[in-house]
Structures are given as C-alpha cells and as structure tokens.
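Q: Sequence first, then the predicted structure, then my questions.
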Amino acid sequence: MKNKIAITLILVLVMSLALVGCSKKSKKTSSDGGNIVYAVEAGSAGEAAAKEKGYQYNSVASQADALMEVASGTSDAAIIDLLMAGAMIGEGTSYPDMIHTNELTTEEYGVGCRKGSDLASYINKVFADTYADGSMEEVAKKYGVQESLVEQKEVEYIEAEDSDVSYIQGKGTLIVGITDFEPMDYKDGSGEWIGFDADMARLVAEKLGVEVQFIEIDWDNKIMELESKNIDVVWNGMTLTNEVLEAMECSNAYCNNAQVVVVMDK
C-alpha cells in the first residue's frame, strides 16, 4: 500500500511540475498561429509591433541584447530598427550570419525633451541650419544613414518664458539620455560615444555653449528620466509614437526608419 501511495504522489508531483512549466510560457502567440519567439527591446517600437501583431516575445534591455538572443538561440528572431540592422548584421558586421526579412512598420525618429521645453525648438533650428548647409548630411555619411534623412524646413527658435535652454546654459551641461545603439549612439575603440545622434547632440551642445554628457538609460524609463531632470534630452533613434508625442516635447522628424524581423541566415 505504501508503495502505491508513493507512486501516486510522484505522479502528482510530475504532473504539477509540468503544469508549472506550461504556466511560465508566454501566452502571447503569433496571430498566424506560429510558435516563433521574438526578442525585443523593452519599451521600444519593436516591442509595440510585437504586441500589436500578437507575437510571442521576450523583452530584453536593448536591441543589441535582442540580437544576442538570436545568436545564442534563446529566441528565434529579433525585431529591431532597420538602421541598426544595416550596421549590425550581414557581411562585415558583428553578426554576418543574420539577415533581416519583412518590415513590420514604417516610422520616423525624433528627439525628446521635457514637455513644454523650448529645447525642442532650438534643436529644430539646428536641424534646419545644418540640413541647409549640408553639414547634417556630412555627419550622416560617416554612419551610412544619409539616405534616411528627412528634409528639414527653415524654422525660427522661440525662447520660452520658463526657458529650458537657459536652464541648460546656466548649468553648463547638456545631458543626453541614450542606449548603446549603432549607428546612432555607440562607443568607439577609446570608449568615446559616437554615432549620428551623438555627433548631432554634440553639435547642439557646442551651439548652446555647454559641455555634452551622455548617460545610458533604461529605455523603458526614458520619460521618467526626463521629467526628473536626470537627463535633458532623449536622443537615441527614438520613434515618434503617440505615447512619446503625448509625454514629451519632440523635435521635428529627422530620420526615416522601420521595424524589421532579424533571423539567422540558414
């Protein structure tokens, strides 16, 4: 009798463990019934695209981590920015055995400032001037994003009564919130932040007459970082989503982009 009870208890335990294992799996499955697991950056446009399409996904800290998930086999595919895919996958890159397939969305990049900040207007003025004189295109060519530039129309900077520009000039530093995101913001061999966004932010700081400081942030907390004044601006290939536009004072769009699926080239 004791043996039968023991066997019964073991069977119950095995069945319980199996049920627990099933409960830990994401309930988000692809709308077409597939079982592909996508790696996406938390709080990104890629995550939003995965949610919208009902895909099963893993949220990770960055788009670079999403590519590592695919390389290690932890995820079947990644959803990342097209501009990043151009710099990070394919022949001569960090991931030569990966390719991008279908584009899930089309979108535009903008720079995010505090709600009501006149810094957005100041950045728009710099964008317009550098687009007109060709210096924005020269910076873009360094990082291979010149074909993605959005035309900038002439604008006028209007200083606000409670000026964020004056606040930044008073403290002498423009603090830029970023993530490691090639070709927009990433470190060179000496550890210095470079990239199209980093170079343009540095140019704005120069025109403001202040130093620039780059701080890596949790992308999911970018709005909170701005509002708490831990940073002055979010400048990291940020997609102009409805959420972003409602929560921040944003610059004009300056780059076209898309969310693409990245897989191993089998």
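A: Structure received.

Q: Going along the chain, name the strands of the stretch 1-150 of the chain.
A: In the stretch 1-150 of the chain, the strands defined using DSSP state E, counting those that start in this stretch lie at 37-41, 56-60, 77-81, 98-113.

Q: most neighbours per residue, which of those?
A: strand 77-81 (a mean of 27; mean count of other C-beta atoms under 10 Å). The way it works is simple: take the backbone N, C-alpha and C, and place the C-beta from them, glycine included.

Q: Alpha carbons of it, as PDB, please.
A: What follows is strand 77-81, C-alpha atoms only, in PDB (Å, rounded to 0.1, in the frame of the first residue of the first chain):
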ATOM      1  CA  ALA A  77      14.100  36.100 -34.200                       C
ATOM      2  CA  ALA A  78      14.500  39.700 -33.200                       C
ATOM      3  CA  ILE A  79      12.600  42.800 -34.000                       C
ATOM      4  CA  ILE A  80      14.900  45.800 -34.300                       C
ATOM      5  CA  ASP A  81      15.300  49.100 -36.100                       C
END
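
Q: so who does the residue nearest to Gly177 when sequence neighbours are not counted touch?
A: Ranked by C-beta to C-beta, 6 or more residues apart in numbering and with sequence neighbours excluded, the top spatial neighbour of Gly177 is Ile231, at 3.7 Å. Contact analysis of Ile231 by C-beta atoms under 8 Å, 6 or more residues apart in numbering lists 175-177, 215, 217, 225.

Q: nearest to Lys266, of the residues you listed?
A: Closest approach between these and Lys266, by C-beta to C-beta: Ile217, at 35.4 Å.

Q: Identify the residues contacting Val145.
A: 83, 183, 196, 255.

Q: for the third one, phi and psi?
A: Dihedral angles of Phe196 (phi, psi; degrees, to the nearest 10) stand at phi -60, psi -50.

Q: Relative to Ser135, how far out is the nearest residue to it once chain neighbours are set aside?
A: Spatial nearest neighbour of Phe196, chain neighbours left out: Tyr143 (4.5 Å); criterion: C-beta to C-beta, 6+ apart. Distance of Tyr143 to Ser135, given as C-beta to C-beta, to the nearest Å: 14 Å.

Q: who's more crowded, the two?
A: Tyr143 (20 against 14; other C-beta atoms under 10 Å).

Q: so where's the stretch 151-266 of the chain shaky on pLDDT?
A: Within the stretch 151-266 of the chain, not a single segment meets pLDDT under 70.

Q: Do you have the helices of it handy? List them.
A: Per DSSP state H, counting those that start in this stretch, the stretch 151-266 of the chain carries helices over the ranges 164-171, 196-208, 222-227, 242-247.

Q: Tell me which of those helices sits nearest to Val263.
A: Nearest to Val263 among these is helix 196-208; the distance by C-beta to C-beta comes to 26.0 Å.

Q: Show residues contacting that closest one.
A: 122-123, 126, 130, 135-136, 139-140, 142-143, 145, 165, 168-169, 174, 176, 178, 183-186, 211-212, 214, 233, 235-237, 255.
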